[in-house]
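S.K.: pasting the structure only:
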DNA sequence: ACGAATTAGTATGGAATCTGAACTATATGG
DNA sequence: CCATATAGTTCAGATTCCATACTAATTCGT
């Protein structure tokens, strides 16, 4: 019995605005009558709700549509493609920004490679310039941006605009509320932080394999191994916001020390550094080493193949446990795991089948094909989702 | 965007009835004015809501209460202790039933030891006789039972009244909707099935260490190792209802075969059978063997101590992973783990600290002291919680 | 002992919002 | 060109909340 807030009569309208908007979102073109039929609201209510939605600017009335054969045609209602959200990502060796419209389509997008390192202020300055280019382009297209999301590879506190820790960026307790606001000055919903793996998991839901799975564990293979958990088509963040972190599940009780202080974590055998080292590959930057690893695999290097196979084996151990723990039957692999699909897939499947038979079937394992801008899309998408969840907030 | 139901004006009242009832539940004795102050509802609304609650019979008006110094005293409102729910449990070697009132107090309770084995029909026949004794006693006390819960050590489908699998009972796809109804004929909310570990986890929340933790993993050590996950003071069941099953997390990638088909599961090293075997203890029944184990430990047997220590070590491995996966920082151990607290505690803490330092601190590890009737209380309690969540349903 | 002050609870009117039924608007089809 | 069908609007009625005013019951101060 947590402190439940009392309901007001007005809350009913809040909810029904969202219900009506949801109905419009789910089809290419709706009419009021259709919305009434699908939601169970009366025509009268829908009329009134649609009037409200038109006022928010989220919905547009387009010409008449003849749906059936006889009778008066309805007037078409569609989502306004001139409304959208900014998505951005700071990662170890690149910055990215883009604009996604209400239909979920990426309208503008730009990725800038950059050498690793730099203070939060410096990097956000660069990102700001990038964001300005992107939003200016969107503006020229007549778009209005309602809010934005910024994904970073680390733990965040979205409410306070704080990056708690981002080990691979070298950030710790970075307060960035002001810089976030500066990315999208005056936007109704502001810009909020999110975790890169979580955003990528959501991008997968909306733009990737989400059509096949409602519940899955997304595993992002970067320098570290991150994770995002999608349950019931929603991100499940856990009590303090970082559930799904598979990178530090214990897969080798007597394995090597991990940077987290633990021992035998998945990351120590399946992270990019670990795989490259095991394959005997070195180089200056991580990106270079990964490229070299792929070349070695293509060239048929048995050493490289064995390194990746081992990673797949332990990935299977971790995913077997993880899937049982949260009761999901699907896994989506992104980042370097997606790039290594051909080589890591077989040992992963074998391992999953042997450690948790029947839990994650072979067709429950998928590899992402969203590429580098997954997190950006997820970050923007989650802000759009907020809009869909409470359109009322856009009515002054 | 799942199919959201439209809201009606009446739903506001549904919610506010629950809010008002919640306010009454949280204090020993309330007045209308107090409820208004605490919930934010107006006095007028509270008056009307309380009238409704009185009609459900869940709340009683008791004499006037002088709360402050001056002014008209309020009329006291308390939960009706004559309303309650039946809780029952079928376990490998005992049956249990009891009645819990709205205050959460156990009013009647009875446990019957019985030899393992028997068809679902036979066992539910015995349980029915037990339930009748208990409900008759409650009836004599003037109690009205609104519903009931039956906990079983296995996976259940509460909606269809089905026990999917209960390996230690030897049940599989047992349909028991009729027998459930017969346990409490004509009760407004019927009797529903639940998983034993989940119910025990909830009992811990309401009657045990729940006052210290809002988020924790409960681990039930029985013949198998079960688990229940509490997040935000709610049971988290996962997409298909069996999240939190720590018994089959992989703790030894090259460990022995498990009955689940996997390999190196926690259950193969920390289940009752596994511990007793490792300690070199045999006997006819599991209960006998556990008793012998405790005697051996008390007598200082190094073999027994080592067996339990090993179990604690691997329990730590599993819990380190589990806690990270769902992002909780507390663990409550029940069943034989509670009984073995003195011997298993140190190695468990050591292991947790070494595999996931900082994730589950030492004061995040607690041992249950609810004993055998935890599941019964949890099962009844969850039905009562339903009543508190929607008192409206009890109005004609 | 009695009125002022204080607090509890109820009654009444107004606002928001849904429903249902009646009504208007605009098509198709013989 | 009128019957039929479908879309959308209007309006009265129901529900439930809030705000305010009112009545009820008690303590405090003189």
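M.R.: Thanks, I have the structure now. Small disclaimer: the values here were computed from a predicted structure and weren't measured.

S.K.: now the closest residue to residue A:308 other than its chain neighbours: how far from residue A:31?
M.R.: Excluding the flanking residues, the one nearest residue A:308 by C-beta to C-beta, 6 or more residues apart in numbering or on different chains is residue A:343, at 4.5 Å. Backbone N, C-alpha and C define where each C-beta goes, glycine included. As judged by C-beta to C-beta, to the nearest Å, residue A:343 and residue A:31 stand 52 Å apart.

S.K.: ok, residue A:207 next?
M.R.: 28 Å.

S.K.: check residue A:200 too.
M.R.: Residue A:200 is 36 Å from residue A:31, by C-beta to C-beta.

S.K.: which one's more surrounded, the two?
M.R.: residue A:200 (33 against 20; other C-beta atoms under 10 Å in any protein chain shown).

S.K.: does the helix or strand where the more buried one lies come close to chain B?
M.R.: Per DSSP states H and E, residue A:200 falls inside helix A:196-207. No. Helix A:196-207 stays clear of chain B (C-beta under 8 Å from any C-beta of the partner chain), getting no nearer than 10.1 Å.

S.K.: what mean pLDDT does that helix have?
M.R.: The average pLDDT within helix A:196-207 is 96.

S.K.: list the contacts of whichever helix or strand comes after that helix.
M.R.: Under the assignment DSSP H and E, the closest C-terminal helix or strand after helix A:196-207 is strand A:216-221. Around strand A:216-221, the neighbours that count as contacts under C-beta atoms under 8 Å, 6 or more residues apart in numbering or on different chains are A:196-197, A:200-201, A:204, A:209, A:225-230, A:244, A:246, A:270-272, A:315, A:319, A:322-323, A:326, A:328, A:330-338, A:340, A:364, A:368.

S.K.: could you pull up phi and psi at residue A:89?
M.R.: For residue A:89, the backbone dihedrals (degrees, to the nearest 10) come out as phi -150, psi 130.

S.K.: how about the contacts made by it?
M.R.: Residue A:89 touches A:95, A:96, A:97, A:150, A:151, A:152, A:196, A:199, A:373, A:375, A:376, A:379, counting by C-beta under 8 Å, 6+ apart.

S.K.: between these, which is nearest residue A:48?
M.R.: Distance to residue A:48, by C-beta to C-beta, is smallest for residue A:379 among the contacts of residue A:89, at 33.7 Å.

S.K.: circling back to that earlier point, of the contacts of residue A:89, which one scores lowest on pLDDT?
M.R.: Among the contacts of residue A:89, residue A:373 has the lowest pLDDT, at 91.

S.K.: pretty sure residue A:320 belongs to a strand, no?
M.R.: No. Looking at residue A:320 with DSSP: H, G, I helix; E, B strand; the rest coil, it is helix, so not inside a strand.

S.K.: just checking, it touches residue A:350?
M.R.: No. Residue A:320 is beyond contact range of residue A:350, at 11.4 Å (criterion: C-beta atoms under 8 Å).

S.K.: higher neighbour count, the two?
M.R.: residue A:320 (30 against 14).

S.K.: check contacts around the more buried one.
M.R.: A:351, A:352, A:355, A:356, A:359, A:360, B:250, B:262.

S.K.: next one: the host helix or strand of residue A:388 to chain centre, how far?
M.R.: Residue A:388 is part of helix A:374-389 when elements are defined by DSSP H and E. Its chain's C-alpha centre lies 8 Å from the corresponding centre of helix A:374-389 when counted by C-alpha atoms, centre = their mean, to the nearest Å.

S.K.: strands of the stretch 101-250 of chain A, residue ranges please.
M.R.: A:106-113, A:144-152, A:155-157, A:162-166, A:171-175, A:191-195, A:216-221, A:225-231, A:234-236 (DSSP state E, counting those that start in this stretch).

S.K.: so which of the ones you listed gets nearest residue A:6?
M.R.: strand A:234-236 (25.2 Å).

S.K.: that older thread, now flag whichever of the contacts of residue A:320 is closest to residue B:284.
M.R.: Distances from residue B:284 to the contacts of residue A:320, taken by C-beta to C-beta, are shortest for residue B:262, at 28.6 Å.

S.K.: could I get the pLDDT score of the residue in the stretch 101-250 of chain A that DNA strand C sits nearest to?
M.R.: The stretch 101-250 of chain A approaches DNA strand C most closely through residue A:188 (19.4 Å), counting by C-beta to the nearest atom of the strand. According to the prediction, residue A:188 has pLDDT 95.

S.K.: just the strands in the stretch 251-396 of chain A please.
M.R.: A:331-335, A:365-367.

S.K.: quick one: the residue in the stretch 1-150 of chain A that DNA strand D sits nearest to and residue A:47, what's the gap?
M.R.: Going by C-beta to the nearest atom of the strand, DNA strand D is nearest to residue A:71 of the stretch 1-150 of chain A, at 2.1 Å. Going from residue A:71 to residue A:47 by C-beta to C-beta gives 17 Å.

S.K.: so these two - more neighbours on which side?
M.R.: The residue with more neighbours, out of residue A:71 and residue A:47, is residue A:47; 14 against 9, by other C-beta under 10 Å.

S.K.: Provide the backbone phi and psi angles at the more buried one.
M.R.: The phi and psi values for residue A:47, taken as degrees, to the nearest 10, are phi -50, psi -50.

S.K.: so it sits against residue A:33, correct?
M.R.: No. Residue A:47 is not in contact with residue A:33 according to C-beta under 8 Å; the separation is 9.8 Å.

S.K.: so the host helix or strand of residue A:11, near DNA strand D or not?
M.R.: Per DSSP H and E, residue A:11 falls inside helix A:9-26. Yes. With C-beta under 7 Å from any atom of the strand as the criterion, DNA strand D is reached by helix A:9-26 at residue A:9.

S.K.: buried ones in that helix, by neighbour count?
M.R.: A:11-25 (16 or more other C-beta atoms under 10 Å in any protein chain shown).

S.K.: ok, and which of those reach DNA strand C?
M.R.: Applying C-beta under 7 Å from any atom of the strand to the buried residues of helix A:9-26, one finds that A:12, A:13, A:16 fall near DNA strand C.

S.K.: for the residues you listed, which one is nearest residue B:142?
M.R.: residue A:12 (39.5 Å).

S.K.: give me the nearest residue to the closest one, chain neighbours excluded.
M.R.: residue B:7 (4.2 Å).

S.K.: got it, and residue A:164?
M.R.: residue A:155 is the one closest to residue A:164 (C-beta to C-beta, 6+ apart), at 4.3 Å.

S.K.: up against DNA strand C, what does chain A have?
M.R.: That would be A:9-10, A:12-13, A:16, A:40-45, A:48-49, A:64, A:66, A:69-73, which are the residues of chain A within reach of DNA strand C (C-beta under 7 Å from any atom of the strand).

S.K.: just those: which are in strands?
M.R.: Mapping the residues of chain A next to DNA strand C onto strands (DSSP state E) picks out residue A:64.

S.K.: just the buried residues of the residues of chain A next to DNA strand C.
M.R.: Buried, going by 16+ other C-beta under 10 Å: A:12, A:13, A:16, A:41, A:45, A:48, A:49, out of the residues of chain A next to DNA strand C.

S.K.: need those in a markdown table (columns: distance to residue B:126 and pLDDT).
M.R.: A markdown table is the format used below for these (distance: C-beta to C-beta, whole Å; pLDDT from 0 to 100):
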| residue | distance to residue B:126 | pLDDT |
| --- | --- | --- |
| A:12 | 49 | 97 |
| A:13 | 54 | 97 |
| A:16 | 51 | 98 |
| A:41 | 51 | 97 |
| A:45 | 54 | 97 |
| A:48 | 59 | 97 |
| A:49 | 56 | 98 |
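
S.K.: out of the residues you listed, which comes closest to residue A:396?
M.R.: residue A:13 (14.8 Å).

S.K.: that closest one reaches residue A:390, doesn't it?
M.R.: No. In this structure, residue A:13 is not within contact of residue A:390 by C-beta under 8 Å, at 11.1 Å.

S.K.: burial measure for the residue of the stretch 51-200 of chain A at minimum distance from chain B, as a count.
M.R.: Residue nearest to chain B within the stretch 51-200 of chain A (C-beta to the nearest C-beta): residue A:155, separated by 10.4 Å. Using other C-beta under 10 Å, residue A:155 has 17 neighbouring residues.

S.K.: this completes my enquiry, with thanks.
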